[in-house]
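1. The following block contains a protein sequence and its predicted model.
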Amino acid sequence: MEAGKGPVDLEKEVLNEGLCASCGACVGICPYIKVVKDRVAIIEPCGISEGQCYDFCPRTPTDIAALERRIFGEESPDSSLGSYISIEMAQARDSETRSRAQYGGVVSALVTYAMNQGEIDAAVLTRPFDGSLMPTSVMAEQSSQVLGCAGSSYITSATLAELNKATKQPRGAIGVVGIPCQVMALRKMQASKHETGAKGVKLVIGLFCTWALSYKGFNEFLKGKVDPSSIKRIDIPPPPANILVVHTKEGTMEFPLDEIRGSIKPTCNICYDMTSELADISVGMVEGIDDWNTLIVRTPEAKRLIDKAKQDEVIESRPLEESRLDHLREASLNKKRRAISEIVKRTGDEKNLLYLRLSDGESRKFL
C-alpha cells in the first residue's frame, strides 16, 4: 500500500474516475462505505488518511509479481495465462449439476465436493436473478445451497462485502468464487498487513471474465423489452454468435452484443486479467463445445483437490486440444493488450499504468 493513501484517495482515483470494479473489498470494513446495487460510494469522510479500503482495492497500485510470488512461490513464467500446473477440459459427472450450471458445472461440483469433504466449511458465492436483475452474494454454509448459486449473471455483485460481513464472526476454512477483479482484491487482502477475514480463505476459484455489465445500464437497455423479474438465465454463446441470449419464464430472446456494449462497466476496459490468474483454480467455457469447462489448475493444493474429485468421480476431464489452448492464450493476450492500450490512452504515459505495477520488460510485451 502506498503510504498515506486512504478513502479520500480511493474516491479521487477510483470512484470518481469510474474505475470501481464493485468487488466489495472496501465494503463492510468501514461504516462510511456503502454499496447499492453495483455502485460503491463513500457517504461521509471518515478522517483516516491511510486505510484498508485503498489497500484492498483492485484498482489501486498492485504489484502483480509480488502477489504471484506470494501465491505460487515465483513470478509467472507465462505472460498469457499466468502460473499453472495443468490446463484441461472438464465437466461435472452429475447431470443435474450440469443442467443447472452455465456450462460444464465444474465450479458447482468442486465447491459442493470441497464442503462435503471438509476441505472448506463455507463458501462465498453469487446467486443470480433472485427475483431481480441484480445478483446477490451469499455465504453458503451447507453444500445443498451451492446449486442455487449456479449460473452467470454478467453483472458484478459486491462479493467480497459478503466475505467481510461473514468473517466478523469466527469461522472455519472458507472458499470464494469470483471474477478476476474480485480475486485480485482478495489476494491483496490476504497479503495486507491488516488482519482480515480473507486470511481464512483456503480455496479460491476464479472465473474467466472478459467484461461485466453495469446494473443501471443493462436495466435501462432491457426496459420495455424484458421484465427483469422473469429472467431465469443469461448466456453469451461463443463466437461467431455475437449475441446475448436471455432466457425468461415466457421464452427466449436474443440481442446483438453490439447493442449492449455501452452498458459495459468502464473499469473492464482497463482490466488486465481474463482468466483469474491469481486464483487456485480457474474455470471458463470451452469454445464450441457445450457442457464442458476449461479448467486451469494453478496451485499444488488445488491439484490435490482436483485429483481427489476425479478419483471420486465428481468431475471428469479430457485433454484440451492444442488449437483451443492456443486460442485461449491469444484471447487472454488480446485482453492484456487492449487494457494496456486503454490505460496509456488515459494517462498519456507508457510508464504510468494506473493500478498496474509491471516491470518495463513485462509491460513492453503488451504495448
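-> Ah, there it is. Residues are numbered from 1 along each chain as shown.
2. surely residue 312 meets residue 113?
-> Yes - contact criterion C-beta atoms under 8 Å: residue 312 and residue 113 qualify, at 7.4 Å. Just so you know, the C-beta spots here come from the backbone N, C-alpha and C atoms, and that holds for glycine as well.
3. low-scoring stretches of the stretch 1-150 of the chain, by residue?
-> 1-3, 130-131 (pLDDT under 70).
4. Can you show me the helices along it?
-> Along the stretch 1-150 of the chain, the stretches classed as helices by DSSP state H, counting those that start in this stretch are 7-10, 52-56, 64-72, 95-100, 106-116.
5. who's in contact with the longest one?
-> The set of residues external to helix 106-116 that reach it, using C-beta atoms under 8 Å, 6 or more residues apart in numbering, is 90-94, 97, 100-101, 119-123, 125, 140, 142-143, 146-147, 149-150, 175, 177, 203, 205, 207, 281, 283, 293, 295, 305-306, 308-309, 312, 314-315.
6. and what of the third one?
-> With C-beta under 8 Å, 6+ apart as the contact definition, helix 64-72 has outside contacts at 74-76, 82-83, 184, 187-188, 190-191, 272, 278, 298-299, 356-359, 362.
7. So what would you say the end-to-end distance of stretch 199-216 is?
-> Using C-alpha to C-alpha, to the nearest Å, the end-to-end distance of stretch 199-216 comes to 33 Å.
8. before we move on, back to that, show me just the buried residues among the contacts of helix 106-116.
-> 90-94, 97, 100-101, 119-120, 122-123, 125, 140, 143, 146-147, 149-150, 175, 177, 203, 205, 207, 281, 283, 293, 295, 305-306, 309, 314-315 (16 or more other C-beta atoms under 10 Å).
9. Distance to residue 343 for the helices of the stretch 1-150 of the chain - can I get that in CSV?
-> What follows is the helices of the stretch 1-150 of the chain, written out as CSV (distance: least, C-beta to C-beta, whole Å):
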stretch, distance to residue 343
helix 7-10, 18
helix 52-56, 19
helix 64-72, 14
helix 95-100, 38
helix 106-116, 30
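10. Sheet-wise, list the partners of the helix or strand hosting residue 295 with their directions.
-> Assigned by DSSP states H and E, residue 295 belongs to strand 293-297. Paired with strand 293-297 in the same sheet, following DSSP bridges, are strand 86-92 (antiparallel), strand 281-285 (antiparallel).
11. out of the ones you listed, which comes closest to residue 9?
-> Closest approach to residue 9 among the strands paired with strand 293-297 (C-beta to C-beta): strand 281-285, 30.8 Å.
12. Let me know the angle separating that closest one from helix 106-116.
-> For strand 281-285 against helix 106-116, the angle by axes from the mean of the first three to the mean of the last three C-alpha atoms, to 10 degrees is 150 degrees.
13. Distance from strand 281-285 to the middle of the chain?
-> Here strand 281-285 shows a centroid-to-chain-centroid distance of 10 Å under the convention C-alpha atoms, centre = their mean, to the nearest Å.
14. Tabulate the CA atom coordinates of it in CSV.
-> Extracted in CSV, the C-alpha atoms of strand 281-285 (Å, rounded to 0.1, in the frame of the first residue of the first chain):
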residue,chain,number,x,y,z
ILE,A,281,-8.3,-22.9,-9.8
SER,A,282,-9.6,-21.0,-12.9
VAL,A,283,-12.7,-22.1,-14.8
GLY,A,284,-14.3,-20.9,-18.0
MET,A,285,-16.1,-22.2,-21.1
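15. any residues touching that strand, and which ones?
-> By C-beta under 8 Å, 6+ apart, strand 281-285 touches 84, 102-103, 106-107, 110, 203-208, 238, 275-276, 292-299, 302, 305-306, 328.
16. and what of stretch 45-52?
-> Contacts for stretch 45-52 (C-beta under 8 Å, 6+ apart): 1, 3-8, 10, 26, 29-30, 32, 192, 194, 196.
17. what number of residues lie near the closest residue to residue 357 other than its chain neighbours?
-> Using C-beta to C-beta, 6 or more residues apart in numbering and skipping residues adjacent in sequence, the residue nearest residue 357 is residue 63, 4.5 Å away. Residues lying near residue 63 (other C-beta atoms under 10 Å) number 14.
18. what's the answer for residue 225, then?
-> Using other C-beta under 10 Å, residue 225 has 9 other residues around it.
19. my guess is it meets residue 250, correct?
-> No - taking C-beta under 8 Å as the definition, residue 225 is not a contact partner of residue 250, at 12.0 Å.
20. can you list residues touching both of residue 312 and residue 113?
-> Counting by C-beta under 8 Å, 6+ apart, residue 312 and residue 113 have no shared contacts at all.
21. right, so of the strands paired with strand 293-297, which gets closest to residue 167?
-> Nearest of the strands paired with strand 293-297 (C-beta to C-beta): strand 281-285, 21.1 Å.
22. helices and strands around the top helix by length along the chain, which ones?
-> Scanning the chain for the helix with the most residues, using DSSP state H, yields helix 322-347. Helix 322-347 sits against strand 86-92, with contacts defined as 3 or more C-beta pairs under 8 Å, 6 or more residues apart in numbering; DSSP states H and E.
23. For the closest residue to residue 248 other than its chain neighbours, report the pLDDT, please.
-> Of all residues not flanking residue 248 in the chain, residue 230 sits nearest, at 4.3 Å (C-beta to C-beta, 6+ apart). Here, the pLDDT recorded for residue 230 equals 89.
24. All good on my end, thank you.
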